[in-house]
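*Asks:* Provide a 3D model corresponding to the input given below.
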Amino acid sequence: MAYHHAPRITGWVGWVWFAGMLMIISGVFNIIGGLYAVINSDVYVRTPMRLLFFDVSTWGWLHLIFGVVLFLTGLALSVGQTWARVVAVVLVMLNAMTQLTWIGVNPWWSLAVIAVDVLVLYALIVHGREAKLDA
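*Replies:* Residues are numbered from 1 along each chain as shown. Just a heads-up that it's a prediction; the model follows:
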């Protein structure tokens, strides 16, 4: 006779929801910044030693698309979708890696974001099952 034990819910489930909310907020910020870059591409200052490899409107479209993906994944993560944990882990890892490119510009902010990303990754990878929708 097999027994089915419900997974033990700990306080880490709050970190999973926190990860979802952070992704939603980050998605909204990316959407706003992307739309602004697409609509007002002449407002951004271009320098000869720029970090961007694309023109400003391409950069805006990329941020707009990434923002929508972040927003939708954050919503799905907040309601306990299992697939969203995998996508969220990939997106948060990408975010942490991209912060390394900005560490020379704003080191304290980048370090703070990387620290939060590490906590979010730990919550998603180790305790993400606790927030599962069908648990």
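*Asks:* please count neighbours and contacts with C-alpha atoms only from this point.
*Replies:* Will do.
*Asks:* grab the nearest non-local neighbour of G74.
*Replies:* G20 (4.1 Å; Cα to Cα, 6 or more residues apart in numbering).
*Asks:* surely the one you found meets G80?
*Replies:* No. Look at G20 against G80 with Cα atoms under 8 Å: they stay out of range, at 9.5 Å.
*Asks:* more neighbours: those two, which one.
*Replies:* G20 (28 against 22; other Cα atoms under 10 Å).
*Asks:* and the pLDDT for the more buried one?
*Replies:* Per-residue confidence (pLDDT) for G20: 86.
*Asks:* list the contacts for it?
*Replies:* T73, G74, L75, A76, L77, S78 (Cα atoms under 8 Å, 6 or more residues apart in numbering).
*Asks:* now, which of those residues sits nearest R129?
*Replies:* The shortest gap between R129 and any of the contacts of G20 belongs to L77, at 11.0 Å (Cα to Cα).
*Asks:* give me the element that closest one is part of.
*Replies:* helix 56-78 (DSSP states H and E).
*Asks:* likewise for V118?
*Replies:* Here V118 is assigned to helix 107-127, by DSSP H and E.
*Asks:* residues of that helix that come out buried?
*Replies:* S110, L111, I114, V116, D117, V120, L121, Y122, A123, L124, H127 (16 or more other Cα atoms under 10 Å).
*Asks:* pLDDT at T73, what is it?
*Replies:* 93.
*Asks:* what distance do you get for the residue lying closest to it once chain neighbours are set aside to L100?
*Replies:* Nearest in space to T73, with sequence neighbours left out and distances taken as Cα to Cα, 6+ apart, is A84 at 5.6 Å. A84 sits 24 Å away from L100, going by Cα to Cα, to the nearest Å.
*Asks:* ok, back up a step: which strands or helices does the helix holding V118 pack on?
*Replies:* helix 13-39, helix 82-102 (3 or more Cα pairs under 8 Å, 6 or more residues apart in numbering; DSSP states H and E).
*Asks:* so which of these gets nearest G67?
*Replies:* helix 13-39 (3.9 Å).
*Asks:* burial measure for I65, as a count.
*Replies:* What I65 shows, counting by other Cα under 10 Å, is a neighbour count of 16.
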